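[1] sharing a sequence plus its predicted fold:
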Amino acid sequence: MHLSLRAGERVYINGAVLRVDRKVSIELLNDATFLLENHVLHVDQATTPLRQLYFAVQTILIEPAQADRAREIVRGLEIGLLSALAEPELRDGVVAAIALVEANRLIEALKLIRGLYRAEAAIIEGEPAVTRTRPIPAEPRRTQLQDRTA
């Protein structure tokens, strides 16, 4: 796997944060889990339920010491999302993302969750083509994990 990074860019590899000082190409020669900086969600950006789910899954990946607590948060968010959502695309997406998390396929789970952002935005904006059983709050309360990482 080849990674190309620009000066000042970060990459998260197996829980370590690397920042490069100049344009560089890195070749990973064995299995490693990595997340590029442009896919990292910062705590202040976790403003919707799906973004909170993304943040919790991301935490499992980039902060191994917080993984158990982040998995608990993922389970809690799953329960809340599935009880609130009637939109099949979102429900199926959340179920699939959680299955990927349980299988420890975290990068795939993150990609799937990012793909659901548009449908979630439609619900929050109240577009009539989207159904729901209960409104999803636009500004959900902060989780304990977010408070610790802020």
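    Sure, I can see it.

[2] going forward, measure contacts and count neighbours with C-alpha atoms only.
    Fine.

[3] tell me where this structure has helices.
    For the chain, the helices defined by DSSP state H occupy 49-62, 67-84, 88-102, 106-124, 144-149.

[4] separation between the residue positioned nearest the centre of the chain and Arg6?
    With distances taken as CA atoms, centre = their mean, the chain has Tyr54 as the residue nearest its mean C-alpha position (1.7 Å). Tyr54 sits 25 Å away from Arg6, taking CA to CA, to the nearest Å as the criterion.

[5] do the same with Glu120
    Applying CA to CA, the value for Glu120 to Arg6 is 32 Å.

[6] which one of the two is surrounded by more residues?
    The residue with more neighbours, out of Glu120 and Arg6, is Glu120; 21 against 13, by other CA atoms under 10 Å.

[7] any weak-confidence spans in this structure?
    127-150 (pLDDT under 70).

[8] domain assignment for it?
    Under automatic domain parsing, the residue ranges defining each domain of the chain are 2-39, 43-149.

[9] tell me which of those domains sits most buried.
    domain 43-149 (a mean of 16; mean count of other CA atoms under 10 Å).

[10] which residue lies farthest from the center of the protein?
    Of all residues in the chain (CA atoms, centre = their mean), Arg22 lies farthest out, 27.8 Å.

[11] so what's Val17 closest to, chain neighbours aside?
    Val11 (5.9 Å; CA to CA, 6 or more residues apart in numbering).

[12] which ones are touching that neighbour?
    Val17, Leu18, Arg19, Phe34, Leu35, Leu36, Glu37 (CA atoms under 8 Å, 6 or more residues apart in numbering).

[13] and with 10 Å instead?
    Shown in contact with Val11 (CA atoms under 10 Å, 6 or more residues apart in numbering): 3, 5, 17-20, 34-40, 62.

[14] distance to Ile26 for the helices of the chain - can I get that in CSV?
    Listed next are the helices of the chain as CSV, based on distance: least, CA to CA, whole Å:
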stretch, distance to Ile26
helix 49-62, 19
helix 67-84, 26
helix 88-102, 27
helix 106-124, 19
helix 144-149, 28
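
[15] any idea which of those gets closest to Leu29?
    With CA to CA, the closest approach to Leu29 among those belongs to helix 106-124: 18.3 Å.
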